[in-house]
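> for reference, the sequence and a predicted model appear below.
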Amino acid sequence: MTDPIRRVGVIGAGVMGSGIAAHFANAGVEVVLLDIVPPNLSDEEKKDPKKRSAFAEGALAKTKKAKPALFFHKQNASLVSTGNLEDHLDLLKDVDLVIEAIIENLDIKRSLFEKLEKTVRADTIIASNTSGLKIEDMVEGRGEGFAKNFLVMHFFNPVRYMKLLELVVGPKTDPAVLERVVRCAGEQLGKGVVMGKDTPNFVGNRIGCHSMMLTMHTMEAMRLEPEDVDAITGKPMAHPKSASFRTADMVGLDTFLHVTDNCYAALTDDEERDVFQAPGFLRKMVEEKKLLGNKTKGGFYKKTKEGIFTLDLKTLEYRPKGGDADIKKAMKGIKGSPAERVRKLVATEGKAGEFAWKVLSGSLAYAARRIPEIADDVESVDNAMKWGYNWEL
Ligand code: NAD
(Lines give C-alpha, C1' and ligand atoms only; values in the text may rest on other atoms or scores of the structure.)
Protein backbone atom coordinates (compact mmCIF):
# COMPACT_ATOMS: atom_id res chain seq x y z
CA MET A 1 0.00 0.00 0.00
CA THR A 2 1.47 3.36 -1.01
CA ASP A 3 1.27 6.48 1.15
CA PRO A 4 -1.14 9.22 0.07
CA ILE A 5 0.31 12.57 -1.02
CA ARG A 6 -0.08 14.96 1.92
CA ARG A 7 1.89 18.04 0.90
CA VAL A 8 2.73 19.29 -2.59
CA GLY A 9 4.78 22.07 -4.09
CA VAL A 10 3.52 23.66 -7.30
CA ILE A 11 6.04 25.77 -9.22
CA GLY A 12 4.59 28.30 -11.65
CA ALA A 13 1.37 30.09 -10.73
CA GLY A 14 0.07 30.59 -14.28
CA VAL A 15 -3.11 29.11 -15.72
CA MET A 16 -2.08 25.51 -15.05
CA GLY A 17 -0.14 25.91 -11.80
CA SER A 18 -2.98 27.84 -10.14
CA GLY A 19 -5.52 25.28 -11.28
CA ILE A 20 -3.37 22.37 -10.08
CA ALA A 21 -2.79 24.06 -6.70
CA ALA A 22 -6.53 24.69 -6.26
CA HIS A 23 -7.40 21.12 -7.13
CA PHE A 24 -4.92 19.61 -4.66
CA ALA A 25 -6.36 21.95 -2.01
CA ASN A 26 -9.83 20.66 -2.99
CA ALA A 27 -8.51 17.21 -2.09
CA GLY A 28 -7.44 18.47 1.35
CA VAL A 29 -3.74 18.49 0.45
CA GLU A 30 -1.46 21.31 1.69
CA VAL A 31 0.10 23.23 -1.19
CA VAL A 32 3.14 25.49 -1.49
CA LEU A 33 2.68 27.64 -4.62
CA LEU A 34 5.83 29.39 -5.87
CA ASP A 35 6.58 31.64 -8.83
CA ILE A 36 9.45 33.90 -9.86
CA VAL A 37 10.15 37.28 -8.24
CA PRO A 38 8.57 39.78 -10.68
CA PRO A 39 11.42 40.90 -12.99
CA ASN A 40 10.68 44.64 -13.04
CA LEU A 41 10.75 45.54 -9.33
CA SER A 42 12.45 48.80 -8.27
CA ASP A 43 15.30 48.57 -5.73
CA GLU A 44 12.87 49.63 -3.00
CA GLU A 45 10.28 47.03 -4.05
CA LYS A 46 12.93 44.32 -4.11
CA LYS A 47 13.11 44.60 -0.31
CA ASP A 48 9.36 44.13 0.12
CA PRO A 49 8.48 40.45 0.72
CA LYS A 50 4.91 40.99 -0.48
CA LYS A 51 6.09 42.47 -3.77
CA ARG A 52 8.62 39.65 -4.20
CA SER A 53 5.88 37.02 -3.97
CA ALA A 54 3.31 39.08 -5.89
CA PHE A 55 3.06 36.62 -8.82
CA ALA A 56 2.02 33.64 -6.67
CA GLU A 57 -0.10 35.76 -4.31
CA GLY A 58 -1.86 37.52 -7.18
CA ALA A 59 -2.50 34.19 -8.87
CA LEU A 60 -4.09 32.78 -5.70
CA ALA A 61 -6.34 35.83 -5.33
CA LYS A 62 -7.41 35.48 -8.98
CA THR A 63 -8.01 31.74 -8.61
CA LYS A 64 -10.37 32.38 -5.68
CA LYS A 65 -12.54 34.47 -8.02
CA ALA A 66 -12.30 32.20 -11.08
CA LYS A 67 -15.47 31.45 -13.03
CA PRO A 68 -16.28 28.61 -13.28
CA ALA A 69 -14.92 28.16 -9.75
CA LEU A 70 -11.63 26.28 -9.42
CA PHE A 71 -11.89 25.78 -5.65
CA PHE A 72 -14.78 23.63 -4.39
CA HIS A 73 -15.05 26.23 -1.63
CA LYS A 74 -13.11 29.48 -1.14
CA GLN A 75 -12.03 28.23 2.29
CA ASN A 76 -9.90 25.59 0.58
CA ALA A 77 -7.58 28.40 -0.49
CA SER A 78 -6.32 28.52 3.12
CA LEU A 79 -4.45 25.27 2.37
CA VAL A 80 -2.35 27.08 -0.23
CA SER A 81 0.66 29.11 0.92
CA THR A 82 2.43 31.32 -1.58
CA GLY A 83 6.01 32.46 -2.09
CA ASN A 84 8.79 32.96 -4.60
CA LEU A 85 11.58 30.82 -5.98
CA GLU A 86 14.38 32.95 -4.51
CA ASP A 87 13.26 33.19 -0.89
CA HIS A 88 11.06 30.17 -0.31
CA LEU A 89 12.65 27.08 -1.90
CA ASP A 90 13.09 25.78 1.66
CA LEU A 91 9.33 25.31 1.91
CA LEU A 92 9.78 22.42 -0.54
CA LYS A 93 12.00 20.46 1.89
CA ASP A 94 9.01 18.71 3.33
CA VAL A 95 6.73 18.02 0.36
CA ASP A 96 5.88 14.58 -1.06
CA LEU A 97 5.46 15.80 -4.62
CA VAL A 98 6.59 18.84 -6.63
CA ILE A 99 4.71 19.68 -9.83
CA GLU A 100 6.49 22.00 -12.24
CA ALA A 101 4.11 24.16 -14.32
CA ILE A 102 6.38 26.96 -15.53
CA ILE A 103 6.76 28.25 -19.09
CA GLU A 104 7.37 25.63 -21.79
CA ASN A 105 11.10 26.19 -22.20
CA LEU A 106 13.53 23.29 -21.81
CA ASP A 107 16.49 25.34 -20.53
CA ILE A 108 14.40 27.17 -17.92
CA LYS A 109 12.80 23.91 -16.76
CA ARG A 110 16.23 22.25 -16.55
CA SER A 111 17.69 24.99 -14.38
CA LEU A 112 14.67 24.73 -12.07
CA PHE A 113 15.18 20.93 -11.80
CA GLU A 114 18.82 21.50 -10.89
CA LYS A 115 17.70 23.70 -7.98
CA LEU A 116 15.00 21.23 -6.94
CA GLU A 117 17.47 18.35 -6.92
CA LYS A 118 19.50 20.20 -4.28
CA THR A 119 16.44 21.13 -2.22
CA VAL A 120 13.94 18.30 -1.89
CA ARG A 121 14.02 15.07 0.15
CA ALA A 122 15.45 11.96 -1.51
CA ASP A 123 11.95 10.45 -1.77
CA THR A 124 10.13 13.52 -3.13
CA ILE A 125 8.46 12.86 -6.46
CA ILE A 126 9.09 15.50 -9.15
CA ALA A 127 6.56 15.85 -11.96
CA SER A 128 6.48 18.12 -14.98
CA ASN A 129 3.22 19.37 -16.46
CA THR A 130 4.97 19.90 -19.81
CA SER A 131 2.78 19.68 -22.90
CA GLY A 132 5.36 17.87 -24.94
CA LEU A 133 8.99 18.07 -23.84
CA LYS A 134 10.83 14.77 -23.66
CA ILE A 135 11.65 13.26 -20.26
CA GLU A 136 15.10 12.27 -21.45
CA ASP A 137 15.88 15.94 -22.22
CA MET A 138 14.36 17.24 -18.98
CA VAL A 139 16.39 14.94 -16.68
CA GLU A 140 19.67 15.43 -18.55
CA GLY A 141 22.40 16.40 -16.09
CA ARG A 142 20.41 15.20 -13.06
CA GLY A 143 21.38 12.20 -10.90
CA GLU A 144 19.95 8.66 -10.85
CA GLY A 145 17.78 9.44 -7.81
CA PHE A 146 16.16 12.39 -9.59
CA ALA A 147 15.37 10.32 -12.72
CA LYS A 148 13.93 7.56 -10.52
CA ASN A 149 11.51 10.02 -8.90
CA PHE A 150 10.62 11.88 -12.11
CA LEU A 151 7.59 11.62 -14.40
CA VAL A 152 5.20 13.74 -16.46
CA MET A 153 1.77 14.59 -15.00
CA HIS A 154 -0.04 16.31 -17.87
CA PHE A 155 -3.21 17.97 -16.59
CA PHE A 156 -5.90 19.53 -18.82
CA ASN A 157 -7.36 23.00 -18.42
CA PRO A 158 -9.48 23.79 -16.40
CA VAL A 159 -7.90 21.34 -13.98
CA ARG A 160 -10.91 21.02 -11.68
CA TYR A 161 -13.27 20.12 -14.53
CA MET A 162 -11.22 18.10 -17.02
CA LYS A 163 -11.08 14.49 -15.90
CA LEU A 164 -8.02 13.56 -17.95
CA LEU A 165 -4.59 13.23 -16.38
CA GLU A 166 -1.94 11.81 -18.71
CA LEU A 167 0.98 10.14 -16.98
CA VAL A 168 4.23 9.47 -18.79
CA VAL A 169 7.22 7.72 -17.28
CA GLY A 170 10.83 7.64 -18.42
CA PRO A 171 13.03 4.53 -18.65
CA LYS A 172 14.35 5.18 -15.14
CA THR A 173 11.10 6.11 -13.34
CA ASP A 174 10.63 3.82 -10.33
CA PRO A 175 7.41 1.73 -10.66
CA ALA A 176 6.64 2.49 -6.99
CA VAL A 177 6.67 6.23 -7.80
CA LEU A 178 4.20 5.66 -10.63
CA GLU A 179 2.00 3.52 -8.37
CA ARG A 180 1.86 6.28 -5.77
CA VAL A 181 0.98 8.94 -8.37
CA VAL A 182 -1.69 6.74 -10.01
CA ARG A 183 -3.28 6.23 -6.61
CA CYS A 184 -3.15 9.94 -5.82
CA ALA A 185 -4.67 10.80 -9.23
CA GLY A 186 -7.60 8.42 -8.88
CA GLU A 187 -8.33 8.38 -5.16
CA GLN A 188 -7.33 11.90 -4.10
CA LEU A 189 -7.89 14.01 -7.23
CA GLY A 190 -10.70 12.05 -8.92
CA LYS A 191 -8.87 12.01 -12.25
CA GLY A 192 -9.07 9.46 -15.05
CA VAL A 193 -5.52 8.32 -15.77
CA VAL A 194 -4.26 7.60 -19.27
CA MET A 195 -0.77 6.16 -19.56
CA GLY A 196 0.97 7.82 -22.47
CA LYS A 197 4.39 7.29 -23.98
CA ASP A 198 7.19 9.84 -24.16
CA THR A 199 6.14 11.01 -27.67
CA PRO A 200 5.37 14.54 -28.92
CA ASN A 201 2.27 16.01 -27.27
CA PHE A 202 1.41 12.64 -25.70
CA VAL A 203 -2.05 11.14 -26.42
CA GLY A 204 -4.95 13.61 -26.24
CA ASN A 205 -3.22 16.55 -27.91
CA ARG A 206 -1.61 14.39 -30.60
CA ILE A 207 -4.96 12.98 -31.72
CA GLY A 208 -6.91 16.18 -30.94
CA CYS A 209 -4.46 18.33 -32.87
CA HIS A 210 -4.40 15.96 -35.85
CA SER A 211 -8.21 16.01 -35.94
CA MET A 212 -8.30 19.82 -35.70
CA MET A 213 -5.72 20.29 -38.45
CA LEU A 214 -7.44 17.74 -40.69
CA THR A 215 -10.66 19.68 -40.08
CA MET A 216 -9.03 22.95 -41.16
CA HIS A 217 -7.35 21.49 -44.26
CA THR A 218 -10.58 19.75 -45.33
CA MET A 219 -12.54 22.97 -44.77
CA GLU A 220 -10.15 24.81 -47.08
CA ALA A 221 -10.19 22.07 -49.73
CA MET A 222 -14.01 21.89 -49.73
CA ARG A 223 -14.39 25.69 -49.55
CA LEU A 224 -16.49 25.59 -46.38
CA GLU A 225 -16.74 28.36 -43.78
CA PRO A 226 -16.08 28.11 -40.02
CA GLU A 227 -19.80 28.18 -39.19
CA ASP A 228 -20.47 25.29 -41.66
CA VAL A 229 -17.76 23.24 -40.01
CA ASP A 230 -19.03 24.05 -36.52
CA ALA A 231 -22.57 23.01 -37.49
CA ILE A 232 -21.16 19.60 -38.49
CA THR A 233 -18.45 18.96 -35.88
CA GLY A 234 -20.47 19.71 -32.71
CA LYS A 235 -23.37 17.56 -31.50
CA PRO A 236 -23.88 15.69 -34.82
CA MET A 237 -20.30 14.38 -34.59
CA ALA A 238 -20.75 13.56 -30.87
CA HIS A 239 -18.25 16.28 -29.98
CA PRO A 240 -18.96 19.18 -27.58
CA LYS A 241 -21.44 21.91 -28.62
CA SER A 242 -18.54 24.31 -29.02
CA ALA A 243 -17.48 22.14 -32.01
CA SER A 244 -14.16 22.99 -33.71
CA PHE A 245 -13.68 26.73 -33.89
CA ARG A 246 -15.48 27.88 -30.76
CA THR A 247 -13.37 25.31 -28.90
CA ALA A 248 -10.20 26.59 -30.59
CA ASP A 249 -11.09 30.17 -29.61
CA MET A 250 -11.54 29.03 -26.01
CA VAL A 251 -8.28 27.08 -25.83
CA GLY A 252 -6.26 29.84 -27.52
CA LEU A 253 -5.08 29.75 -31.13
CA ASP A 254 -1.47 30.35 -30.08
CA THR A 255 -1.65 27.14 -28.04
CA PHE A 256 -3.00 25.19 -31.04
CA LEU A 257 -0.33 26.60 -33.32
CA HIS A 258 2.36 25.77 -30.77
CA VAL A 259 1.18 22.15 -30.45
CA THR A 260 0.88 21.61 -34.18
CA ASP A 261 4.28 23.20 -34.90
CA ASN A 262 5.77 20.99 -32.21
CA CYS A 263 4.22 17.88 -33.83
CA TYR A 264 5.36 18.90 -37.31
CA ALA A 265 8.93 19.54 -36.16
CA ALA A 266 9.25 16.36 -34.12
CA LEU A 267 7.28 13.83 -36.18
CA THR A 268 9.66 13.55 -39.11
CA ASP A 269 8.69 9.90 -39.80
CA ASP A 270 4.94 10.30 -39.35
CA GLU A 271 2.99 9.15 -42.41
CA GLU A 272 0.63 12.13 -41.95
CA ARG A 273 3.21 14.73 -41.00
CA ASP A 274 1.78 17.19 -43.55
CA VAL A 275 -1.54 17.31 -41.72
CA PHE A 276 0.34 19.05 -38.87
CA GLN A 277 1.48 21.81 -41.21
CA ALA A 278 -0.61 24.75 -40.00
CA PRO A 279 -2.78 26.36 -42.68
CA GLY A 280 -1.66 29.86 -43.73
CA PHE A 281 -4.71 31.60 -42.24
CA LEU A 282 -4.00 30.16 -38.77
CA ARG A 283 -0.38 31.28 -38.79
CA LYS A 284 -1.35 34.76 -39.98
CA MET A 285 -4.09 35.04 -37.35
CA VAL A 286 -1.63 34.25 -34.56
CA GLU A 287 1.64 35.74 -35.75
CA GLU A 288 0.53 38.81 -37.71
CA LYS A 289 -2.94 39.77 -36.51
CA LYS A 290 -2.56 38.53 -32.89
CA LEU A 291 -6.05 37.05 -33.07
CA LEU A 292 -5.65 34.40 -30.38
CA GLY A 293 -9.31 33.63 -29.58
CA ASN A 294 -11.32 34.60 -26.52
CA LYS A 295 -8.31 35.92 -24.60
CA THR A 296 -7.81 38.64 -27.25
CA LYS A 297 -11.58 39.00 -27.78
CA GLY A 298 -11.27 37.83 -31.37
CA GLY A 299 -10.45 34.54 -33.06
CA PHE A 300 -12.53 32.67 -35.60
CA TYR A 301 -15.46 34.49 -34.01
CA LYS A 302 -15.81 37.88 -32.37
CA LYS A 303 -18.58 39.25 -30.18
CA THR A 304 -19.68 42.68 -31.36
CA LYS A 305 -22.57 45.01 -30.49
CA GLU A 306 -24.30 43.79 -33.66
CA GLY A 307 -23.96 40.12 -32.70
CA ILE A 308 -21.38 37.42 -33.36
CA PHE A 309 -19.11 38.00 -36.36
CA THR A 310 -17.05 35.38 -38.20
CA LEU A 311 -13.55 35.83 -39.57
CA ASP A 312 -13.34 35.66 -43.35
CA LEU A 313 -10.37 33.34 -43.77
CA LYS A 314 -9.22 34.91 -47.03
CA THR A 315 -9.31 38.59 -46.04
CA LEU A 316 -8.92 38.07 -42.26
CA GLU A 317 -11.66 40.67 -41.73
CA TYR A 318 -14.80 40.02 -39.68
CA ARG A 319 -18.19 39.67 -41.35
CA PRO A 320 -21.68 38.92 -39.96
CA LYS A 321 -22.21 35.25 -39.12
CA GLY A 322 -23.56 33.35 -42.11
CA GLY A 323 -22.90 29.86 -43.41
CA ASP A 324 -24.57 27.41 -45.78
CA ALA A 325 -28.32 27.22 -45.04
CA ASP A 326 -28.62 23.66 -46.40
CA ILE A 327 -25.89 22.37 -44.10
CA LYS A 328 -27.49 24.11 -41.12
CA LYS A 329 -30.89 22.59 -41.93
CA ALA A 330 -29.52 19.07 -42.44
CA MET A 331 -27.58 19.22 -39.17
CA LYS A 332 -30.65 20.36 -37.18
CA GLY A 333 -32.36 17.08 -38.13
CA ILE A 334 -29.60 14.91 -36.62
CA LYS A 335 -30.76 13.63 -33.23
CA GLY A 336 -30.54 10.51 -31.07
CA SER A 337 -27.80 8.71 -29.18
CA PRO A 338 -24.19 9.66 -29.99
CA ALA A 339 -23.78 6.58 -32.20
CA GLU A 340 -27.06 7.31 -34.03
CA ARG A 341 -26.03 10.91 -34.63
CA VAL A 342 -22.66 9.92 -36.10
CA ARG A 343 -24.31 7.26 -38.30
CA LYS A 344 -26.84 9.77 -39.62
CA LEU A 345 -24.16 12.42 -40.09
CA VAL A 346 -21.85 10.40 -42.31
CA ALA A 347 -24.86 9.16 -44.33
CA THR A 348 -26.06 12.74 -44.99
CA GLU A 349 -26.16 13.54 -48.71
CA GLY A 350 -24.04 16.45 -49.91
CA LYS A 351 -21.11 18.40 -48.54
CA ALA A 352 -21.87 17.90 -44.83
CA GLY A 353 -21.78 14.09 -45.02
CA GLU A 354 -18.74 14.14 -47.28
CA PHE A 355 -16.85 16.50 -44.96
CA ALA A 356 -17.79 14.51 -41.85
CA TRP A 357 -16.68 11.22 -43.40
CA LYS A 358 -13.35 12.63 -44.56
CA VAL A 359 -12.51 14.09 -41.16
CA LEU A 360 -13.84 11.25 -38.99
CA SER A 361 -12.43 8.38 -41.02
CA GLY A 362 -9.08 10.15 -41.39
CA SER A 363 -8.83 10.98 -37.70
CA LEU A 364 -9.96 7.57 -36.42
CA ALA A 365 -7.69 5.65 -38.78
CA TYR A 366 -4.75 7.86 -37.78
CA ALA A 367 -5.52 7.22 -34.09
CA ALA A 368 -5.73 3.45 -34.61
CA ARG A 369 -2.34 3.44 -36.34
CA ARG A 370 -0.78 5.21 -33.32
CA ILE A 371 -1.00 2.02 -31.22
CA PRO A 372 1.51 1.11 -29.76
CA GLU A 373 3.45 4.28 -30.66
CA ILE A 374 1.66 6.68 -28.28
CA ALA A 375 -0.25 4.32 -25.96
CA ASP A 376 -0.52 0.58 -25.42
CA ASP A 377 -4.19 0.18 -26.30
CA VAL A 378 -7.09 1.77 -28.16
CA GLU A 379 -9.02 2.25 -24.91
CA SER A 380 -6.38 4.72 -23.67
CA VAL A 381 -6.89 6.86 -26.77
CA ASP A 382 -10.68 6.67 -26.33
CA ASN A 383 -10.41 7.73 -22.70
CA ALA A 384 -8.05 10.59 -23.54
CA MET A 385 -10.51 11.99 -26.09
CA LYS A 386 -13.53 11.55 -23.80
CA TRP A 387 -11.85 12.97 -20.68
CA GLY A 388 -9.60 15.58 -22.28
CA TYR A 389 -11.67 16.78 -25.27
CA ASN A 390 -15.21 15.91 -24.14
CA TRP A 391 -15.86 13.75 -27.20
CA GLU A 392 -18.87 11.57 -26.43
CA LEU A 393 -17.41 8.57 -28.23
P1 NAD B 1 1.37 30.43 -18.05
O2 NAD B 1 2.04 31.33 -19.00
O3 NAD B 1 -0.02 30.73 -17.62
O4 NAD B 1 2.27 30.29 -16.73
C5 NAD B 1 3.66 30.14 -16.77
C6 NAD B 1 4.26 30.51 -15.44
O7 NAD B 1 5.68 30.37 -15.54
C8 NAD B 1 3.96 31.96 -15.03
O9 NAD B 1 3.40 31.93 -13.74
C10 NAD B 1 5.34 32.61 -15.04
O11 NAD B 1 5.51 33.60 -14.05
C12 NAD B 1 6.27 31.43 -14.81
N13 NAD B 1 7.62 31.73 -15.31
C14 NAD B 1 7.98 32.56 -16.30
N15 NAD B 1 9.32 32.57 -16.44
C16 NAD B 1 9.81 31.75 -15.50
C17 NAD B 1 11.13 31.36 -15.12
N18 NAD B 1 12.20 31.84 -15.74
N19 NAD B 1 11.27 30.48 -14.10
C20 NAD B 1 10.18 29.98 -13.46
N21 NAD B 1 8.91 30.33 -13.77
C22 NAD B 1 8.73 31.19 -14.78
O23 NAD B 1 1.47 28.97 -18.71
P24 NAD B 1 0.56 27.68 -18.50
O25 NAD B 1 -0.44 27.61 -19.58
O26 NAD B 1 0.13 27.58 -17.07
O27 NAD B 1 1.62 26.53 -18.81
C28 NAD B 1 2.55 26.05 -17.85
C29 NAD B 1 3.05 24.67 -18.30
O30 NAD B 1 1.94 23.78 -18.42
C31 NAD B 1 3.74 24.66 -19.65
O32 NAD B 1 4.76 23.70 -19.62
C33 NAD B 1 2.62 24.24 -20.59
O34 NAD B 1 3.12 23.64 -21.76
C35 NAD B 1 1.88 23.24 -19.74
N36 NAD B 1 0.46 22.98 -20.05
C37 NAD B 1 -0.39 23.98 -20.44
C38 NAD B 1 -1.74 23.69 -20.68
C39 NAD B 1 -2.73 24.77 -21.05
O40 NAD B 1 -3.83 24.43 -21.50
N41 NAD B 1 -2.43 26.04 -20.89
C42 NAD B 1 -2.22 22.38 -20.49
C43 NAD B 1 -1.33 21.39 -20.08
C44 NAD B 1 0.00 21.70 -19.86
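Ah, there it is. Numbering: from 1, shown residues only.
> tell me which element the closest residue to the ligand within the stretch 201-350 of the chain falls in.
In the stretch 201-350 of the chain, no residue comes nearer to the ligand than T255, which is 6.0 Å away by CB to the nearest ligand atom. To be clear about C-beta, it is placed using only N, CA and C from the backbone, and glycine gets the same treatment. Assessed by DSSP states H and E, T255 sits inside helix 253-266.
> any idea of the mean pLDDT in that helix?
Throughout helix 253-266, pLDDT has a mean value of 94.
> so who does the residue in the chain that the ligand sits nearest to touch?
Using CB to the nearest ligand atom, the single residue of the chain nearest to the ligand is G14, 1.8 Å away. With contacts defined as CB atoms under 8 Å, 6 or more residues apart in numbering, G14 is in contact with D35, A59, A101, I102, I103.
> my read is that the last one contacts G12, right?
Yes. Taking CB atoms under 8 Å as the contact criterion, I103 and G12 are neighbours in contact, 7.4 Å apart.
> please identify which of the two sits among more neighbours.
G12 (27 against 9; other CB atoms under 10 Å).
> right, and that one touches E100 too?
Yes. Taking CB under 8 Å as the definition, G12 is a contact partner of E100 at 6.6 Å.
> find residues that contact each of these two.
N129.
> what segments of the stretch 1-150 of the chain are strands?
7-11, 30-35, 80-84, 97-100, 125-128, 150-155 (DSSP state E, counting those that start in this stretch).
> check the stretch 251-393 of the chain too.
Using DSSP E, counting those that start in this stretch, strands in the stretch 251-393 of the chain cover 301-304, 307-311, 318-320.
> a markdown table for those, including distance to L282, mean pLDDT and mean neighbour count?
Shown next, in a markdown table, are the strands of the stretch 251-393 of the chain (distance: least, CB to CB, whole Å; pLDDT from 0 to 100; neighbours: other CB atoms under 10 Å):
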| stretch | distance to L282 | mean pLDDT | mean neighbour count |
| --- | --- | --- | --- |
| strand 301-304 | 14 | 96 | 16 |
| strand 307-311 | 11 | 96 | 16 |
| strand 318-320 | 16 | 96 | 13 |
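> can you list these in a markdown table and add distance to A22?
Conversion of the strands of the stretch 251-393 of the chain to a markdown table gives the following (distance: least, CB to CB, whole Å):
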| stretch | distance to A22 |
| --- | --- |
| strand 301-304 | 28 |
| strand 307-311 | 31 |
| strand 318-320 | 35 |
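> up against the ligand, what does the stretch 151-300 of the chain have?
Proximity of the stretch 151-300 of the chain to the ligand is confined to H154, F155, N157 under the rule CB under 6 Å from any ligand atom.
> bridge partners for the second one, pull those for me.
Just to be clear, that refers to F155. L165 (DSSP bridges).
> so it makes contact with S128?
No. Assessed by CB under 8 Å, F155 is found out of contact with S128, at 10.9 Å.
> for the strands of the stretch 251-393 of the chain, give me CSV that also has distance to the ligand.
Shown next, in CSV, are the strands of the stretch 251-393 of the chain (distance: least, CB to the nearest ligand atom, whole Å):
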stretch, distance to the ligand
strand 301-304, 20
strand 307-311, 22
strand 318-320, 26
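> so for K47, which of those strands sits nearest?
Closest approach to K47 among the strands of the stretch 251-393 of the chain is made by strand 301-304 (44.1 Å; CB to CB).
> for the closest one, packing partners?
helix 245-251, strand 307-311 (3 or more CB pairs under 8 Å, 6 or more residues apart in numbering; DSSP states H and E).
> where does the prediction get shaky in the stretch 251-393 of the chain?
The stretch 251-393 of the chain contains no residues with pLDDT under 70.
> most remote residue from the chain's center?
Most distant residue from the mean C-alpha position of the chain: E44, 38.2 Å away (CA atoms, centre = their mean).
> got phi/psi on that residue?
Main-chain dihedrals, E44, degrees, to the nearest 10: phi -60, psi -50.
> need the pLDDT of it.
Confidence at E44, expressed as pLDDT, is 97.
> state the distance from it to R52.
12 Å (CB to CB, to the nearest Å).
> same thing with S242?
40 Å.
> more neighbours: these two, which one.
R52 (22 against 16).
> for the more buried one, what are its contacts?
Contacts of R52 (CB under 8 Å, 6+ apart): V37, P38, L41, K46, N84, E86, D87.
> same question, E45
In this structure, E45 makes contact with K51, judged by CB under 8 Å, 6+ apart.
> 10 Å instead?
V37, P38, K51, R52, A54 (CB atoms under 10 Å, 6 or more residues apart in numbering).
> of these - the most surrounded one?
Of these, with other CB under 10 Å as the count, R52 tops at 22 neighbours.
> and the angle for the helix or strand where M212 lies with helix 253-266?
Using DSSP H and E, M212 falls within helix 204-221. Relative orientation of helix 204-221 versus helix 253-266 (axes from the mean of the first three to the mean of the last three CA atoms, to 10 degrees): 100 degrees.
> look up how far T296 lies from the residue of the chain closest to the ligand.
From G14 to T296 the distance is 17 Å (CB to CB).
> over to Y161?
Counting by CB to CB - Y161 and T296 are separated by 23 Å.
> kindly report the same for I135.
Noted for I135: a distance of 33 Å to T296, by CB to CB.
> of the two, who's got more company?
I135 (20 against 17).
> for the more buried one, give me its contacts.
S128, A147, F150, L151, V152, V168, V169, G170, P171, K172, T173, D198.
> and for the last one, the neighbour number?
It stands for D198. Neighbourhood size, D198 [other CB under 10 Å]: 19.
> so what's the closest residue in space to A59 that isn't next to it in sequence up against?
Distances taken as CB to CB, 6 or more residues apart in numbering place A13 nearest to A59, at 3.5 Å, with adjacent residues excluded. A13 makes contact with 20-21, 33-36, 53, 55-60, 62-63, 80, 82-84, 101-102, according to CB under 10 Å, 6+ apart.
> same for the ligand: which of those residues are within range?
D35, I36, F55, A101, I102.
> give me the pLDDT for the closest residue to the last one other than its chain neighbours.
Okay, so that is I102. Leaving aside its sequence neighbours, I102 sits nearest to G12 (CB to CB, 6+ apart; 3.7 Å). pLDDT for G12: 98.
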